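Chemist: all I have is the shape, not the residue letters:
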């Protein structure tokens, strides 16, 4: 029973949903079975939902059907009926979250029942709510199309002499289609790059050509953002499209819901990362500004949680720019938003890294030396920071020992292929640094060429800086 769909759904309920569903369940319009009510009350009591021993079928059966002989069929029936009532409750709530859509559906019901006064009242209410919507994303234009089409369906029943709103229907449909098509195309191209998928983006070239020739639709942020986003991510040399994308983000972030803003910001930041990887250091500042704005507005939060990867990436970008004060504030004010099971490790690591970047090695060294985590990559990164400090402080004996222990760690932990090669190269070139004589210019230039052409490699900039100091 613990692995059933019913238990999975009920475990997602918060306290408010649990209370509201109890009222729903006790209404005869939704349920007329007492065993279904009793089953729900048992499951929601104490820790029953979270403890396997309380979810054994026979134990649950005794609580629901007191004094009766166990029947697996009866137990399954109760679970089935409770599950169906839960589904109805969730579907109803989801539908009525969108007041424009629900009012438009009500107008449709009145039209079909030939109740024109009630139809007009419902459609007027829908139009009023639509105008007051704070967001202007694809959902807004989908609702506008549904509303206009419902109005058109009403007008066709009034006779041939009545003017139709077909232009409004067509315009709303175009806007909804373009907003959806461009957004989906951005999703597809991003997924295609990561997973080597081969998607057919039908009509996209024609759409892009049309938008370029007639800029009318590019006045609509829900279309413009994904248009410029698609142009930028498909051509890293198209910096003009990125600039226009960023301008749209800055001007119009408030007209998109938080979850969609997160997607838009990540799309823009991915472009910045591709430019950074291509050697364009100016995009560190671009990426940083996106993180500053996104974190300030809580755009990167998902269900109230700040991804540890976003947290780490933002700090890494900021440290590259020596934005130490901002990093200190981020760690102090936003670390509570990290998922609890990762919070301590990530805060400790990035606090130590901040000390490292500020050259406060007396604070950073003990933190990295004592850093322990089950996350293999985080552990290797901590050891890397420690290795760099040993080298810069001329603690070569400790460094030599650390390099050997890191090699053993990589072999023992079976690090993934790509990362294994990256860290092995880093250790190899650091070891070579130790063996070069400062007066041997020929060997220095030879090693420099090796480091510059090495692939994959990390800390290339640091390695080259150490060569420059020889």
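Modeler: On my side now, so go ahead. None of these values were measured; they are calculated from a predicted model.

Chemist: the helices in the stretch 301-450 of the chain, which residues?
Modeler: Ranges of helices within the stretch 301-450 of the chain are 308-320, 324-334, 340-357, 361-369, 376-392, 396-413, 417-435, 441-453, based on DSSP state H, counting those that start in this stretch.

Chemist: beyond the helix ranked longest in the chain, next helix or strand please.
Modeler: Criterion DSSP state H: the longest helix present in the chain is helix 166-195. Going down the chain from helix 166-195, the next helix or strand is helix 204-213, by DSSP states H and E.

Chemist: what residues of that next one count as buried?
Modeler: Using 16 or more other Cβ atoms under 10 Å as the test for burial, helix 204-213 gives 204, 207, 208, 211. In short, each C-beta sits where N, CA and C put it, glycine included.

Chemist: what of stretch 217-229?
Modeler: So stretch 217-229, judged by 16+ other Cβ under 10 Å, has buried residues 217, 218, 220, 221, 222, 223, 224, 225, 226, 227, 228, 229.

Chemist: what does stretch 48-64 give?
Modeler: For stretch 48-64, the buried set under the neighbour-count rule, 16+ other Cβ under 10 Å, comprises 48, 49, 54, 55, 60, 61, 64.

Chemist: between those, which is nearest residue 307?
Modeler: residue 49 (27.1 Å; Cβ to Cβ).

Chemist: so what does that closest one look like in phi/psi?
Modeler: phi -70, psi -30 (degrees, to the nearest 10).

Chemist: quick check: it touching residue 43?
Modeler: Yes: with contact defined as Cβ atoms under 8 Å, residue 49 counts as touching residue 43 (5.7 Å).

Chemist: now for those two: what residues contact both?
Modeler: Taking Cβ atoms under 8 Å, 6 or more residues apart in numbering as the criterion, residue 49 and residue 43 both touch 7, 10.

Chemist: neighbours around residue 38, how many?
Modeler: 17 (other Cβ atoms under 10 Å).

Chemist: cool, residue 453 as well?
Modeler: Look at residue 453: counted by other Cβ under 10 Å, it has 8 neighbours.

Chemist: that one and residue 425: what is the separation?
Modeler: 11 Å (Cβ to Cβ, to the nearest Å).

Chemist: same list (the buried residues of helix 204-213) but as JSON lines, adding pLDDT.
Modeler: Shown next, in JSON lines, are the buried residues of helix 204-213 (pLDDT from 0 to 100):
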{"residue": "204", "pLDDT": "95"}
{"residue": "207", "pLDDT": "96"}
{"residue": "208", "pLDDT": "96"}
{"residue": "211", "pLDDT": "96"}
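
Chemist: of all those, which two lie farthest apart?
Modeler: Distance extremes for the buried residues of helix 204-213: the farthest pair is 204 and 211 at 10.6 Å, using Cβ to Cβ.

Chemist: so where's this structure uncertain?
Modeler: Judged against pLDDT under 70, the chain has no low-scoring part.

Chemist: domain parsing for it?
Modeler: Annotated domains of the chain cover 5-97, 311-371, 373-470 [automatic domain parsing].

Chemist: span of the second one from start to end?
Modeler: In other words, domain 311-371. Length of domain 311-371, first residue to last, Cα to Cα, to the nearest Å: 18 Å.

Chemist: again, but for the first one
Modeler: Taking Cα to Cα, the span from the opening residue of domain 5-97 to its closing residue is 24 Å.

Chemist: thinking again about what came up before, between the helices of the stretch 301-450 of the chain, which gets nearest to residue 152?
Modeler: helix 308-320 (44.6 Å).

Chemist: and the closest one, what's buried?
Modeler: Buried-residue list, helix 308-320, by 16+ other Cβ under 10 Å: 308, 310, 311, 312, 313, 314, 315, 317, 318, 319, 320.

Chemist: do stretch 70-86 as well
Modeler: 75, 78, 79, 81, 82, 83, 85, 86.

Chemist: how about those in TSV, adding secondary structure and distance to residue 199?
Modeler: Formatted as TSV, those follow (DSSP: H, G, I helix; E, B strand; the rest coil; distance: Cβ to Cβ, whole Å):
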residue	secondary structure	distance to residue 199
75	helix	45
78	helix	45
79	helix	40
81	helix	42
82	helix	40
83	helix	36
85	helix	39
86	helix	35
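
Chemist: could those residues be laid out in TSV, adding distance to residue 430?
Modeler: Shown next, in TSV, are the buried residues of stretch 70-86 (distance: Cβ to Cβ, whole Å):
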residue	distance to residue 430
75	64
78	65
79	60
81	66
82	62
83	59
85	63
86	58
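
Chemist: of those, which is the nearest to residue 14?
Modeler: Nearest member of these to residue 14, counting by Cβ to Cβ, is residue 86, at 14.1 Å.

Chemist: what residues are up against the closest one?
Modeler: So residue 86 contacts 6, 9, 10, 21 (Cβ under 8 Å, 6+ apart).

Chemist: check residue 155 too.
Modeler: So residue 155 contacts 162, 163, 164, 165 (Cβ under 8 Å, 6+ apart).

Chemist: list only buried entries from those.
Modeler: Buried among the contacts of residue 155 by 16+ other Cβ under 10 Å: residue 165.

Chemist: closest one to residue 179 out of the contacts of residue 155, please.
Modeler: residue 165 (20.3 Å).

Chemist: for residue 131, see how far away the closest one is.
Modeler: As judged by Cβ to Cβ, residue 165 and residue 131 stand 16 Å apart.

Chemist: what does residue 288 give?
Modeler: Counting by Cβ to Cβ, the gap from residue 288 to residue 131 is 38 Å.

Chemist: same question for residue 59.
Modeler: 55 Å.

Chemist: and the closest residue to residue 257 other than its chain neighbours, how many neighbours?
Modeler: Excluding its sequence neighbours, the residue lying closest to residue 257 (Cβ to Cβ, 6 or more residues apart in numbering) is residue 135, at 5.4 Å. Neighbour count of residue 135, defined by other Cβ under 10 Å: 15.
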